[in-house]
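Predicted model and sequence below, questions to follow.
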Amino acid sequence: MAVPSALPAPLRARGNAMTADLLRILGLWRGRRGWLVAGLAVTIVSALLGAALLALAGQAVADVLGGAAVAGAVAFLLLRPLIALRPAARWGERMMTHAATFRALADTRVWFFRRLADRLPSGIGLRRSGDLLGRLVSDVEALDGLYLKVMVPVAAALALVLVVVALLAGHPLLAAAVALPLALALALPLLLAPGAARAAAEAAEAQGRLRATAVDPLIGIEDTLAANAERQAGAALAAEAVQLGRAQRRLAGRAALAGAGGTLLGQAALLAALAWGLSGGGAGVTVLALFLVLATAETIGVLPRAGTALAAAGAGARRLFEAADAPAPLTEPAVPAGLPGGHAIRIEGLRFAWTPDRPLVFDGLDLDLPEGTRLAILGPSGIGKSSLAALLLKLAAPQAGRITLGGVDLASLAAEDVRRRIACLTQDARLFDDSIAANLRIAAPLAPEAALWRALDRAGIGALVRALPEGLETRCGEGGARFSGGQARRLALARVLLSAAPVLILDEPTAGLDAETERAFLETLEEVTAGRTVILIAHRLTGVERPSRIIRLAGGRALPAAG
Amino acid sequence: MASPSAGQQEAARLLLRRESRALRGRVLLPVLLGVAATACALGTTWLVARLLATLLGASGAGWPELAAAAALALLGAALGLAQERAQLAAGETARTRLRDMTFARLLAAGPAAPRGVGEAASLVVDRVEALDGYFGRWLPTAMLALLAPLMVIAAATYADPRSGLLLAIAGLLYPVAMAATGIGAAQASRRQFEALERLSGRFLDRMRGLPTLVLFNRQEAEAEALGEAANELRRRTMSVLRVAFLSGTALELLSALALACIAWRHGALEGGDPAAGLFCLLLVPAFFAPLRAFAAAYHERLAAAGAAAALAPLLLAEEDAGLALEEMPPRVVVTFTDVRLTYDPARPPALDGLSFRVNAGETLVLAGASGAGKSSVLRLLMGFNRPEAGRIAINGQDALALKPAELRRLSSYVGQKPHLFRASIRDNIRFARPDASAGQVEAAARAAQVLDFAEGLPQGLDTLVGEGGWGLSGGQAQRVALARAFLRDTPLVLLDEPTAHLDPGTEAEVLESLQRLCMGRTAIIASHSAAARASLGRVLEISHGRALGTARAAQGQG
């Protein structure tokens, strides 16, 4: 897609950016090339059949009215199969192009999720989940215009213009009079798209904000209701809806204008042919030209609208890439080192801050954890206990110093390999809206049912799950909403215990549990984690944990402590 | 998902009818403009036919007619533009009202509603958008699809009665073809939306737990599962479109047949009026254009019917009746009498005849194993759930007679997993009381020990926090949520595990400020913490949804 050089510079810049984004989208669709090309081929065939149908009908009438009855009869004979063929081709075209598009869109959605998982491993940070959802749903959907509303009609129109020119080649003036408006209609989308780009971007942004504004208070529904903030939330949604409505109206207004332009161009071609006839051109060929124009009217009429569709697709693509191109927190080593043999952990001179403007969390931290160590890390909230877990799991990288696993620097290991060795129960470990079994098997996809029960028993929740009528198939609800806080925490704990990783990090494993359950779990901790390295993060010890080492974090360093 | 009952479909129809009636005036304008545009098209076609006949030597038209045709074409295009713009405005009012109402109802349904957030958002955004197609495009298009072909038939009949008859027959056959291809289409459309909701729900749920997936190396498996959901959406969408395309194809076939019949009739006709013949022939596209628009808008109607079926249960339900709070009582006595609550009939009840009383100004600590029913007590007092049996009284008056939103005005509540929004710490606190002054917000932040850590953050209280508290430790997020309770200043305080995630030092400080918060107010606090039990007040032990008895805590500090 070349951006017309006739456009003013800012529009041209916008057009170039859009072109780059859309080309990248086409690159993402490479895997569906067969479908997409086949759809275009069927489209062209169908367009040509449509032209043939009307041209033959016109020819027949002209012949008969002009006295050439035999030629007319022949044209009628040829017409008959086309009557059935054209609708069939049209049906095939629509099915084919839509099937191709939706396959490509499904691929795009999966690609988007993969990218987010790659780029945002420690969570969505300062993004809004509702906004990301909007990108997955609405912005991907807008991409359908790139193929269905731009590439497909342009292919059909190009074929038709070529046919018109070929058939009327004997009469250059007529051919020019008819083909010029049609060619202009072909160029319109490219001329209109950059101008519509701003309206399209505003509409896409507004759509994203609308969804996020709906999602936010629903995610925090308890807090929204507790603050009696329903009306406030409703007003915020309504305000976003007004903005969206305004942007959509502007975009649709442009589309309507383009549509009217398309209609006029078709009429201009028609009247130009008539004018050519009136000024002495041949009657027969004028009739032919006229019917050809009629045949192209439908295709040409919608073409200028492709400009706004292109702009909308461009806006969708921009938003998609903007989220997907978030910088990865860590660069994976180009050639990851092989899995180390052991899993002893050694931390040397670690310096770390989450962002340059935040205070240092660690400043010269040293720690040595031979295999099988049972370490308890204590310290007040916000001192860096969870940050240490993040560093060990390669969710963040230290600014200085290094961490080794089995003697190999974490920086040279693939994140996936590290996480295969180190499993973690994070503070915000989440249960998904799926069955208990599916939630547990996140840690070990192939675990047999007996293993699931064993893990549940160890986490002290086996009896409760056994009493549920649906047992392991009971659904957990979003974030484990169908269980009490303590029950959900124990399910998450069971999931970590199920993992085969030789190193376990348990970040406040008993938060939200009653004292008795907490004690019961911590007493069995030694037994259930036998042979593994365990890093227990806690605010305090209850006295039954029997750790082999206790440290307290303070001032960015580890101090030996005694419970 | 079970196929919807006849009642639900009836409700959907009712909803659409009610909304269309309100819109009748706005739909009329685009229809009138469309009729005028059709009239222009008829005029242009007539002139073009005469000009063509002239070329074939059978009529005497010339340049004036060509100029008139051009003028009419311009007018027609302008009318078409005006029509489309009028259509844009038609749907907006309905959409705004329906969206506001849907969202309000979703919020009112509260945390107990089984619907996931992604699905709920899809109702507010995508489904309401689908209704827009119904009002903005389908209604005017359907009316025009009736009026415009009738105008064309009349014009054709005037020129040549038999051609008019042919077009009329084609017009009558069209609904038959539509009915034959459209059976079951509404259901297909409903399934398409359900697939979209499932995809939305799954994605949002997984996005919110992305670190959990990543830490177990399960992102690839989840991408595949998401791909399956996306593919299901594709299949469902295609089965809706298949129907829409079939009816479009039926239309194409009819159009081609009509064209051929008319061409054949006039071709075979020696000596008829060529201008009339050409006019009828050229009318065929004009005849089918509104029908084509109709076929294109048909799947919007289907989508709208599906959307209405999903929205109707929410929108047509009676609004919760209930009393408003006449005045804010300065002091509150809470009484539970034999209260029963069951979340899931297959599981034991959460509360099984619970009775207790909290006096004005008293603090009650609910203790008991996890799942014993502590949080349920707080949820009932917040109106998130309603008990099946028993009585909950506030100052002797039935609390359940109040509207849930009114009941909540009495309380400051911090749940077990308080949610922080993506906003500054300051705005997250102010959320509890938007009209609070800057000083009040800071006082609340100080009381909840938020300032202790906020001072070390780059922008202090104005530091941005991510959704769900990203950027803060668990204990810090907990304190921001507690600051909300300090700010809200209500006679009743309801806290669920206020000191979970806090280290002993911070816990002691927070407990001290909680004592200040509870001073002069009635408070119910669910807590496992021994320190909380020891310092806050009377302890009520709950087991399996029943009260085991109360014990006055050792009055160490309070």
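On my side now, so go ahead. As the structure is a prediction and not an experimental result, all values here were calculated from the model.

Just the local confidence number for the residue most central in space within chain A, please.
Centroid-nearest residue in chain A: residue A:112, 3.3 Å away (criterion: CA atoms, centre = their mean). pLDDT, residue A:112: 96.

mind listing what it touches?
Taking CB atoms under 8 Å, 6 or more residues apart in numbering or on different chains as the criterion, residue A:112 is in contact with A:135, A:136, A:140, A:320, A:323, A:324. In short, each C-beta sits where N, CA and C put it, glycine included.

one more time with 10 Å
Shown in contact with residue A:112 (CB atoms under 10 Å, 6 or more residues apart in numbering or on different chains): A:28, A:132, A:135-136, A:139-140, A:320-321, A:323-324, B:203, B:223, B:226, B:230.

cool, residue B:179 as well?
Going by CB under 10 Å, 6+ apart, residue B:179 touches residue B:247.

Need the phi and psi values for it.
phi -60, psi -40 (degrees, to the nearest 10).

gap between the residue nearest to the centre of chain A and residue A:89?
The gap separating residue A:112 from residue A:89 is 34 Å, by CB to CB, to the nearest Å.

what do you get for residue A:157?
Note on residue A:157: its distance to residue A:89, by CB to CB, is 16 Å.

What of residue A:134?
In terms of CB to CB, residue A:134 sits 37 Å off from residue A:89.

Then residue B:400?
66 Å.

Tell me which of these two has more neighbours.
Between residue B:400 and residue A:89, residue A:89 has the larger neighbour count (other CB atoms under 10 Å in any protein chain shown), namely 22 against 18.

Just give the nearest non-adjacent residue to the more buried one, would you?
Distance criterion CB to CB, 6 or more residues apart in numbering or on different chains; nearest residue to residue A:89, sequence neighbours excluded, is residue A:46 at 3.8 Å.

Same check on residue B:230?
Nearest residue to residue B:230 in three dimensions, chain neighbours excluded: residue A:106, at 3.8 Å (CB to CB, 6+ apart).

My guess is that neighbour contacts residue B:224. True?
No. Taking contacts as CB atoms under 10 Å, residue A:106 lies outside contact range of residue B:224: 11.7 Å.

quick one: which of those two has more around it?
Taking other CB under 10 Å, residue A:106 and residue B:224 do not tie; residue A:106 has more neighbours (24 against 12).

Could you tell me the backbone phi and psi angles at that one?
Torsion angles, degrees, to the nearest 10, at residue A:106: phi -60, psi -40.

what do you get for residue A:347?
Torsion angles, degrees, to the nearest 10, at residue A:347: phi -120, psi 130.

For it, grab the count of nearby residues.
21.

Who's the closest spatial neighbour of the closest residue to chain B within the stretch 201-350 of chain A, skipping the chain neighbours?
Per CB to the nearest CB, residue A:220 is where the stretch 201-350 of chain A lies closest to chain B, at 3.1 Å. Of all residues not flanking residue A:220 in the chain, residue B:419 sits nearest, at 3.1 Å (CB to CB, 6+ apart).

Tell me the secondary structure at that neighbour.
Judged by DSSP: H, G, I helix; E, B strand; the rest coil, the three-state class of residue B:419 is coil.

do you know how far it is from residue B:181?
The gap separating residue B:419 from residue B:181 is 48 Å, by CB to CB.

can you give me the strands in the stretch 101-250 of chain B?
Per DSSP state E, counting those that start in this stretch, the stretch 101-250 of chain B carries no strands over any range.

Listing request: residues of it with sub-threshold pLDDT.
Scanning the stretch 101-250 of chain B for pLDDT under 70 picks out B:182-186.

Which residues are in contact with the closest residue to chain A within it?
For the stretch 101-250 of chain B and chain A, the shortest gap (CB to the nearest CB) falls at residue B:209, measuring 3.3 Å. Neighbouring residues of residue B:209 by CB under 10 Å, 6+ apart: A:123, A:428, A:429, A:430, A:431, A:432, A:433, A:439, A:442, A:478, A:479, B:222.

6 Å instead, please
Residues near residue B:209 by CB atoms under 6 Å, 6 or more residues apart in numbering or on different chains: A:430, A:432.

quick one, phi/psi of it?
Taking degrees, to the nearest 10 as the convention, residue B:209 sits at phi -120, psi 30.

Mind telling me what element whichever residue of the stretch 251-400 of chain B sits closest to chain A is part of?
Nearest residue of the stretch 251-400 of chain B to chain A, counting by CB to the nearest CB: residue B:370, 2.4 Å away. Under the criterion DSSP states H and E, no helix or strand holds residue B:370.

so where's the stretch 451-558 of chain B shaky on pLDDT?
B:550-558.

hey, where'd the helices end up in it?
With helices called from DSSP state H, counting those that start in this stretch, the stretch 451-558 of chain B shows them at B:474-488, B:504-518, B:530-536.

Of all the residues in the last one, which ones are buried?
In this case it means helix B:530-536. Burial within helix B:530-536, assessed by neighbour count using 16 or more other CB atoms under 10 Å in any protein chain shown, is assigned to B:531, B:532, B:533, B:534, B:535, B:536.

I'd like the distance between the residue nearest to residue B:229 when sequence neighbours are not counted and residue B:367.
Once flanking residues are discounted, residue B:229 sits nearest to residue B:199: 4.5 Å by CB to CB, 6+ apart. Distance, residue B:199 to residue B:367, using CB to CB: 43 Å.
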